[in-house]
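# quick one: sequence plus predicted model below, questions after.
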Amino acid sequence: MNKVYLGADHAGFDLKERIKLWLTAQKIPYDDCGNMRLERNDDYPDFAEKVALKVIKHNGKGILFCGSSIGVCIAANKVPQIRAANPHTLEQVVRSREDEDANILCLSGGGTLHPQQGMSFSKAQKMILTFLNTPFSGAPRHRRRIKKIQLLEQKYR
């Protein structure tokens, strides 16, 4: 399996650290793009960019964590060639991979300010395995739509 690129701000840090231990136990290689320590004043766009650039460079997949999962998703999607998804169900994870060929999965860590927003560890595990193991369908209609997304990226640069 190819290396997975991870990144999190302070609100996603705890979940990222737990996922790292689990990935190691599953023998899934990863590269932690930061933050490497809990830093309350860090900013999620920094880690979204680091992960996005690694995903593009290595034609890989990434997983980003922040409090809501929305911020890292918005930031990552600003990088051309990134199709970051913020699914809430396993079916949405499958659709994001089969239909949109999503290359970054965004998950909610909740953090200390909003722990109720955070995703459970077991749900995160299921979503990650589904994300990593679901291939892009390659159906012509999905290729056509991804091409249109790429054209939008070029049009508005």
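Now that the structure is in, tell me what you want to look at. Residues are numbered from 1 along each chain as shown.
# return the residues in contact with Ala85.
Cys73, Gln92, Val93, Ser96, Glu100, Ala102, Ile104, Leu105, Cys106 (C-beta atoms under 8 Å, 6 or more residues apart in numbering). Just so you know, the C-beta spots here come from the backbone N, C-alpha and C atoms, and that holds for glycine as well.
# quick one, grab the pLDDT at the fourth one.
Same thing as Ser96. You'll see Ser96 listed with a pLDDT of 98.
# any idea how far Thr89 is from it?
As judged by C-beta to C-beta, to the nearest Å, Ser96 and Thr89 stand 10 Å apart.
# the fifth one now?
For Glu100, the distance to Thr89 under the criterion C-beta to C-beta works out to 15 Å.
# returning to that earlier point: more neighbours: which of Ser96 and Thr89?
Between Ser96 and Thr89, counting by other C-beta atoms under 10 Å, Ser96 is the more crowded of the two (23 against 11).
# please list all residues in contact with the more buried one.
Shown in contact with Ser96 (C-beta under 8 Å, 6+ apart): Arg83, Ala85, Pro87, Ala102, Leu105, Phe131.
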